[in-house]
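Asker: coordinates only, sequence not included:
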């Protein structure tokens, strides 16, 4: 049995634990996965998360939507909703660096096969948009 711990989240795993075909432990009943994966690993995180949970929420850069390499995976498993932060969010110790990037929440629901709904997260009130 191995314990993984990162930023307040811990999980136990073992190579002896039975696994389902989707490579998730069979004892794991996951309804929703919420994550902020490294930008370069976003697609693998989404793919594996959708195998394990019926709902997936990823906090990521809005830029994650603009690469042609991502079109095919997004068309295969489109997010149901995208919530764009209307203002720049500070989410690191270096606020100046992070404020030049736009972030969003992308939400997937297993079985969804339509066009995503886009909305905005307003942090300073309705009148700013």
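Answerer: Structure received. Computed from a predicted structure; not experimentally measured.
Asker: what helix or strand does residue 56 sit in?
Answerer: strand 53-61 (DSSP states H and E).
Asker: Residue ranges in the protein under the pLDDT threshold?
Answerer: Where the chain drops to pLDDT under 70, the residues are 1-30, 91-99, 125-129.
Asker: For it, just list every one of the helices.
Answerer: Remark: helices assigned in the chain by DSSP state H are 42-52, 68-76, 95-98.
Asker: Next, the angle helix 68-76 makes with the first one.
Answerer: Think helix 42-52. With axes from the mean of the first three to the mean of the last three Cα atoms, to 10 degrees as the basis, helix 42-52 and helix 68-76 are set at 20 degrees to each other.
Asker: Make 30 the starting number, not 1.
Answerer: Sure, I'll start counting at 30 from here, so that last one is helix 71-81.
Asker: List the buried residues of helix 71-81.
Answerer: 71-72, 74-75, 77-79, 81 (16 or more other Cβ atoms under 10 Å). The C-beta positions use only the backbone N, C-alpha and C, and glycine is treated the same way.
Asker: which among those gets closest to residue 145?
Answerer: residue 75 (13.3 Å; Cβ to Cβ).
Asker: check contacts around that closest one.
Answerer: Counting by Cβ atoms under 8 Å, 6 or more residues apart in numbering, residue 75 makes contact with 85, 87, 102, 106, 137.
Asker: for residue 70, what are its contacts?
Answerer: Counting by Cβ under 8 Å, 6+ apart, residue 70 has no contacts.
Asker: what's the spacing between it and residue 141?
Answerer: 22 Å (Cβ to Cβ, to the nearest Å).
Asker: Same question for residue 92.
Answerer: Remark: distance between residue 92 and residue 141 (Cβ to Cβ) = 23 Å.
Asker: Who has more neighbours out of those two?
Answerer: For the pair residue 92 and residue 141, the greater number of neighbours falls to residue 141 (15 against 12), based on other Cβ atoms under 10 Å.
Asker: For that one, grab phi and psi.
Answerer: phi -70, psi 130 (degrees, to the nearest 10).
Asker: ok, for it, nearest residue in space, not its chain neighbours?
Answerer: Spatially, and ignoring its direct neighbours in sequence, residue 141 is nearest to residue 109 (4.4 Å; Cβ to Cβ, 6 or more residues apart in numbering).
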